[in-house]
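Q: A predicted structure for the sequence below; I have some questions about it.
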Amino acid sequence: MVMDIKILGSGCAKCKKLEQATRTAVEELGIDATITKVEDIMEIMNYGIATTPAIVVEGKVLLKGRTASVEEIKKLLAE
């Protein structure tokens, strides 16, 4: 099964950092995943997110309002 991961953010430096860390974590874990960058503010608000960046996996918000290390993201994805 392919994991659906969305990175929510406006395209700021923190958002880009979170996207890169997520891609690295997925690669290191060997997960088959589709990573989508969502920059549309209305779509982001549909997830109840007020502060970006955020990670949404399979429709569930796992992280919001901050970036995370590759190791932290790997732990979130492994749960």
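A: In hand now; what should we look at?

Q: Not counting sequence-adjacent ones, nearest residue to the most centrally placed residue in the chain?
A: Centroid-nearest residue in the chain: I55, 2.7 Å away (criterion: CA atoms, centre = their mean). Leaving aside its chain neighbours, I55 sits nearest to L63 (4.4 Å; criterion: CB to CB, 6 or more residues apart in numbering). C-beta: built from backbone N, CA, C; applies to glycine.

Q: Dump the helix or strand in which the residue nearest to the centre of the chain is found to CSV, restricted to CA.
A: If you go by DSSP states H and E, I55 is part of strand 54-57. Output of strand 54-57 as CSV, limited to C-alpha atoms (Å, rounded to 0.1, in the frame of the first residue of the first chain):
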residue,chain,number,x,y,z
ALA,A,54,2.3,20.5,9.0
ILE,A,55,2.4,16.9,8.1
VAL,A,56,-0.7,14.9,7.2
VAL,A,57,-0.5,11.2,6.8
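
Q: Can you check the pLDDT for the residue nearest to the centre of the chain?
A: Per-residue confidence for I55 comes out at a pLDDT of 97.

Q: Report whether the expected contact of it with I5 is present.
A: Yes. Assessed by CB atoms under 8 Å, I55 is found in contact with I5 at 6.7 Å.

Q: Need the overlap of contacts for those two.
A: Counting by CB atoms under 8 Å, 6 or more residues apart in numbering, the contacts common to I55 and I5 are T22.
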